[in-house]
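In: Kindly return the folded structure for what I paste below:
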Amino acid sequence: MTAEQARLAAALRELRTRTGLSLAALAAKTAFSKSSWERYLNGRTLPPRTAVQELCRLAGEPDGRCLALWEIAESEWSGRAAEAGRADTPAQASSPVASPAADPVLPPPGAPTETAQGGGHRGAVTVAVLASVCAVALGGVAVALLLLPRHSDEPRTAAATPSTSGPHCRASSCEGRSPIDMYCAATPDTVATRHTAAGAWLEVRYSKVCGTSWARMWGTRVGDRLELTADGRARRAEVENAVDADNFVYTPMTVTRPGTVLRTCFRPAEGGKEECFDSVSR
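Out: Numbering: from 1, shown residues only. Presented below is the predicted three-dimensional model:
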């Protein structure tokens, strides 16, 4: 279970407590079985989006926050967020490089040989050679010790990696990036919601933490397009296939501040009339 699934499951358990319903009563009031609810609330299975909506309805809770948690958890569950997580992970430190061992110390050219010098000099040369061998051996042991894993009872500081629960970007570094992959969609404000004549739903969202806005659509058809414009910058999204049509489709983020006017336009695929509306980030 990922950290995002755990957050979602905790939020769902809180809502279920607020309803005062048992699992059997919850199953009776929704389209999901008692065993299914048990798995959803324990975090063993990612619930369908409609299950989250039904529990919010029963608890009298606006579904925006829980659906945002669900979206991020679903991204983790499906693996879509893995690529972004890998791109943001710092490179691991390289392993220590072993220095080559020093060559043995040999007598300089032309020095008297062991035979010529007699027994006393023979001992000196022998000691010198043994010292060289010991130095080489000690150097090899030192290198081996450096390469061996270190075991210690002292706590070690973990390598700095991005938090999976916090945003991976802020302000200008978020420009043009996915609100899901960058974890900006956890607790956004819903600025506006529209139900189009073509049947699609639109939402404009703003994240105070990331300092960005984006739009999303669902209930769409292949070919539907969405555009969000802020301060002259336009970010666009299109429903490209049946998988997109069955899920949320998001525009990339654009940097905004409280009070920024956001222009949202929906263009249906089958020749319907374009629908545009204005909203203000807050």
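In: shaky segments in the stretch 151-282 of the chain?
Out: Per-residue confidence for the stretch 151-282 of the chain (pLDDT under 70) gives these ranges: 151-165.
In: swap the cut-off to 50 and go again
Out: 151-164 (pLDDT under 50).
In: can you confirm residue 213 is in a strand?
Out: Yes: counting by DSSP: H, G, I helix; E, B strand; the rest coil, residue 213 is found in a strand.
In: my guess is it contacts residue 191, does it?
Out: Yes: if you go by CB atoms under 8 Å, residue 213 and residue 191 touch, sitting 7.1 Å apart. Where C-beta positions appear, they are placed from N, C-alpha and C, glycine not excepted.
In: Overlap of the contact sets of the two?
Out: Common neighbours of residue 213 and residue 191, using CB atoms under 8 Å, 6 or more residues apart in numbering, are 204, 205, 206, 262, 281.
In: Next step: those residues restricted to strands.
Out: 204, 205, 206, 262 (DSSP state E).
In: Turn those residues into CSV, columns for neighbour count.
Out: Shown next, in CSV, are these (neighbours: other CB atoms under 10 Å):
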residue, neighbour count
204, 26
205, 26
206, 26
262, 23
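In: so which of those residues comes closest to residue 71?
Out: residue 205 (10.6 Å; CB to CB).
In: ok so residue 228 is a strand residue?
Out: Yes: under three-state DSSP, residue 228 falls within a strand.
In: Who does it form a beta bridge with?
Out: Beta-bridge partners of residue 228, counted by DSSP bridges, are residue 235, residue 264.
In: looking at it, it is touching residue 251, isn't it?
Out: Yes: at 4.9 Å, residue 228 counts as touching residue 251 under the criterion of CB under 8 Å.
In: overlap in contacts of those two?
Out: With CB under 8 Å, 6+ apart as the test, residue 228 and residue 251 both reach 214, 215, 235, 236.
In: wait, the third one sits on residue 227?
Out: Yes: the pair formed by residue 235 and residue 227 meets the contact definition of CB under 8 Å, at 7.1 Å.
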